[in-house]
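> sequence plus predicted model, see below.
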Amino acid sequence: MDKWKIAFWVVIALASFLSLYRLGSWALLDSDEATYARVLHESRQNNNFLTFTKLGRTWIDKPPLYFWLMGGTAAFLGETEFALRLPSALLIVATVFLVWHTALLFSQSKLTAFLSAAILTTSGFFMFAGRQARMDIPITFTLLLSFYCFIKGLKKPRWYIGFGTALALGILTKSIVGLLSLPLALLTSLVYKNWTWLKNKYFWLGLPLALLISAPWHIYQHLYYGPEFWQSYSFFVLNRIAVSFVADQPSVWYYFVRLLAEVEPWFILFFTISILFGVKSFSGKKPSPGHWLTLLSAFFFLVIFSLSKTRFMYYYVPALPFMALFLGLTLKELVTRFSFSTKLAILLPLIMIGLVDTSLHIFSPKERNFFFQSLPKITRYQVAEEEKIMGHYLAQNSLPLYAYRWNFYETLNYYGDAPHTIDSPQMPENPERPFLLLLPQPLVSSPKVQTALTEYQKTGAPQTIFSGNAALLLRYN
């Protein structure tokens, strides 16, 4: 067998293993995973996958495609963590596959394709995001698919039909974010100085096809909800752009530093080579259009999501395949002049560092610094696991739950089957018994909490239902 076919299947096998191994081994995380799981759960209960609810109330924040995919896997495998995460995990592999073939469009070099796919596979945060029931990898796949189809369409116009299809899938995955396929297409035309698509019938057939695929669900929502649908649907997206949903929203610099630590060693290499690439370009050496296009596309996503008032690390995931493509093209040029053993000596340590980073994200998920040292924080995984345990108890015991300064609810709501939770910024005064009290462990020893607990104990000692690193759950009968 050809060595590059072997290399291709090794990368795909590695991506599959890293995507699927122990995929369902931890609880659904706050907030998006557990939110989407709750919405799906109610859809399955109601046998309704066109209009969504959450905790019995109308929920029209997101389009339906990922819920349909989760519904399909849950129908075959049951409503488990593995089943809900499976569509995103499979799309990790599909994105790696697509990166390999996109790299071949730019260079016709199997080494470039291998490097690009291997870099993406060993980008820790890419795998971390994809191993969750989230929409970040699905939207990344649709954006990359539209990019691939558009470039193919410049030579074979029938591929514009694929561009329109991918555009529609992006809209049905993450609404307005799916429309970013259009500026990507414009950027491609600018770099290649090719505007023939403007006069091509297949492109203008592709756009109506995108409308034909994406419009029916939106029309149905309008007919069902009326103007309320557009007000809520657009408000959710636009408000995130204009207003921060996060208290004490970190600066863009914070996310840049986190990317250095979360995508080792590739992000720092990407940033360094980008600077050198710019210097080289202005010194008179003309890089290939593929270099420019992948670099500008990566920065396009980094910049556009940094401009949003609400920023999360997950928003930067669509930049990672383009970063991998740029690095694949550039590293191939750098190592071409060397012997095989020298190439191996240069590339293997980089890939191994990336593999270590990826493995830590999967097998030991903690917030870490640039040197892989774990930071002394209670992780989201710990919180979710404790909420899962408490949730199972809540599902069997229908009592009022006072949650004192507890910042996480979605995982508790999912596993607790929508318990009667009372958000309590202050310790509750004279609550009617019986009731449950949820406290963050770091606050249990505070004078305010201790005073309240002493007062409660006057009418009966509590029963400790659960005590963990993050949470303490007490029952007062």
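Yep, it's here. Numbering: from 1, shown residues only.
> let me know the pLDDT of the residue nearest the centre of the chain.
In the chain, the residue lying closest to the centroid (Cα atoms, centre = their mean) is D136, at 3.3 Å. If you check D136, the pLDDT there is 96.
> and Q249, by the same measure?
68.
> what sits closest to L302 if chain neighbours are left out?
A319 (5.0 Å; Cβ to Cβ, 6 or more residues apart in numbering). C-betas here are computed from N, CA, C, even on glycine.
> and that neighbour, what are its phi and psi?
phi -70, psi -20 (degrees, to the nearest 10).
> swap in S306?
phi -70, psi -30.
> so what's the closest residue in space to it that isn't next to it in sequence scoring on pLDDT?
Distances taken as Cβ to Cβ, 6+ apart place V252 nearest to S306, at 4.6 Å, with adjacent residues excluded. In this model, V252 is scored at 77, pLDDT.
> confirm for me that V252 is in contact with R311.
Yes - contact criterion Cβ atoms under 8 Å: V252 and R311 qualify, at 7.3 Å.
> of the two, which one has the most company?
More neighbours surround R311 than the other of V252 and R311, with 21 against 14 (other Cβ atoms under 10 Å).
> give me the pLDDT for that one.
76.
> and for the residue nearest to L302, the neighbour number?
So A319, with other Cβ under 10 Å, has 23 neighbours.
> going forward, begin numbering at 621 instead of 1
From this message on, residue numbering opens at 621, which makes the last subject A939.
> what sits against it?
917-922, 925 (Cβ atoms under 8 Å, 6 or more residues apart in numbering).
> how does it look with 6 Å?
918, 921-922 (Cβ atoms under 6 Å, 6 or more residues apart in numbering).
> just the ones in helices from those, please.
918, 921-922 (DSSP state H).
> which among the residues you listed end up buried?
918, 921-922 (16 or more other Cβ atoms under 10 Å).
> can you put those residues in JSON lines and add distance to K625 and pLDDT?
As requested, those are exported to JSON lines (distance: Cβ to Cβ, whole Å; pLDDT from 0 to 100):
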{"residue": "A918", "distance to K625": "28", "pLDDT": "96"}
{"residue": "F921", "distance to K625": "31", "pLDDT": "93"}
{"residue": "L922", "distance to K625": "34", "pLDDT": "91"}
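> which one among the residues you listed gets closest to F897?
Nearest to F897 out of those is A918 (Cβ to Cβ; 11.6 Å).
> do you know how far the closest one is from A654?
31 Å (Cβ to Cβ, to the nearest Å).
> returning to that earlier point: would CSV of the buried ones among the ones in helices among the contacts of A939 with distance to L880 be doable?
Below are those laid out as CSV (distance: Cβ to Cβ, whole Å):
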residue, distance to L880
A918, 15
F921, 17
L922, 13
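> let me know the closest of those to K623.
A918 (29.0 Å).
> surely the closest one meets M943?
Yes - here A918 lies in contact with M943, judged by Cβ atoms under 6 Å, at a distance of 4.6 Å.
> that older thread, state the distance from the residue nearest to the centre of the chain to L711.
10 Å.
> same check on W850?
29 Å.
> cool, F672 as well?
From F672 over to L711 (counting by Cβ to Cβ), the distance is 21 Å.
> now V937
From V937 to L711 the distance is 11 Å (Cβ to Cβ).
> over to L634?
L634 is 16 Å from L711, by Cβ to Cβ.
> now do P996
34 Å.
> repeat for L913
On the measure of Cβ to Cβ, L913 and L711 end up 23 Å apart.
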